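*Asks:* compute the structure for the input listed below.
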Amino acid sequence: MGKIFNKEFLDSLLAQAKESPRLRQNYDLRNSSEDTSQRMLNALQPGTQVPIHKHETTAETVVCLCGKLEEILYEEVVEYETTEDSRNFDGGDVMRKVSYRETGRYLLSPTEGNHGMQIPPNTWHSINVIEPSIILESKDGKYLG
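*Replies:* Down below sits the predicted model:
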């Protein structure tokens, strides 16, 4: 018999997220740890911190089942700065500084008609949780930790 994702189950997942120090809780949907896909429900509370990250070889599908959040896309900005360093013969080092510039912000909320989105491979992204939310996330490839 399969698992039903009813209101009680989703409420329980959100309650676990609220009690978690990270303010989120996932529910693994893979068939086993050897599954060659990544599928999960992720319950998210406002204030959770999801670092800017990317998936180099796969798109990520995000579907918002309940709540309201923003999916934020970025581009990487690399700057090089020369610093004086008396230890170097040439008198300086080159420091590489990386930052991120927002390129798009997309509201996901089923009550507002925006149910989900596809994030292209190699795209920097993060989220801002506006109200308690549960998303379905899926990516190709085995989870590597």
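*Asks:* who is Leu136 paired with across the strands?
*Replies:* Leu136 has the following beta-bridge partners by DSSP bridges: Leu41, Val63.
*Asks:* contacting residues around the residue nearest the centre of the chain?
*Replies:* By Cα atoms, centre = their mean, the mean C-alpha position of the chain lies nearest to Ser126, the distance being 4.8 Å. Contact partners of Ser126, counting by Cβ atoms under 8 Å, 6 or more residues apart in numbering, are Val50, Pro51, Ile52, His53, Ile72, Tyr74. Quick note: C-beta positions are derived from backbone N, CA and C, even for glycine.
*Asks:* list the contacts of the last one.
*Replies:* Neighbouring residues of Tyr74 by Cβ under 8 Å, 6+ apart: Ile52, Tyr100, Arg101, Glu102, Thr103, Trp124, His125, Ser126.
*Asks:* ok, and the most crowded of these?
*Replies:* Ranked by neighbour count (other Cβ atoms under 10 Å), these have His125 at the top, with 22 neighbours.
*Asks:* report the rounded mean pLDDT for the helix or strand containing it.
*Replies:* His125 belongs to strand 124-140 when assigned by DSSP states H and E. For strand 124-140, mean pLDDT rounds to 96.
*Asks:* just the C-alpha atoms of that strand, please, in PDB.
*Replies:* In PDB, the C-alpha atoms belonging to strand 124-140 read as follows (Å, rounded to 0.1, in the frame of the first residue of the first chain):
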ATOM      1  CA  TRP A 124      22.600  29.200  -8.600                       C
ATOM      2  CA  HIS A 125      19.500  29.400  -6.500                       C
ATOM      3  CA  SER A 126      18.000  29.600  -3.000                       C
ATOM      4  CA  ILE A 127      14.700  30.200  -1.300                       C
ATOM      5  CA  ASN A 128      12.900  32.700   0.900                       C
ATOM      6  CA  VAL A 129      10.100  31.100   2.900                       C
ATOM      7  CA  ILE A 130       7.200  33.500   3.400                       C
ATOM      8  CA  GLU A 131       4.800  31.200   5.200                       C
ATOM      9  CA  PRO A 132       5.100  27.500   6.300                       C
ATOM     10  CA  SER A 133       5.400  25.500   3.000                       C
ATOM     11  CA  ILE A 134       5.900  22.100   1.700                       C
ATOM     12  CA  ILE A 135       7.600  21.500  -1.600                       C
ATOM     13  CA  LEU A 136       8.200  18.400  -3.700                       C
ATOM     14  CA  GLU A 137      11.800  18.400  -5.000                       C
ATOM     15  CA  SER A 138      13.200  16.100  -7.700                       C
ATOM     16  CA  LYS A 139      16.500  15.900  -9.400                       C
ATOM     17  CA  ASP A 140      18.300  13.400 -11.600                       C
END
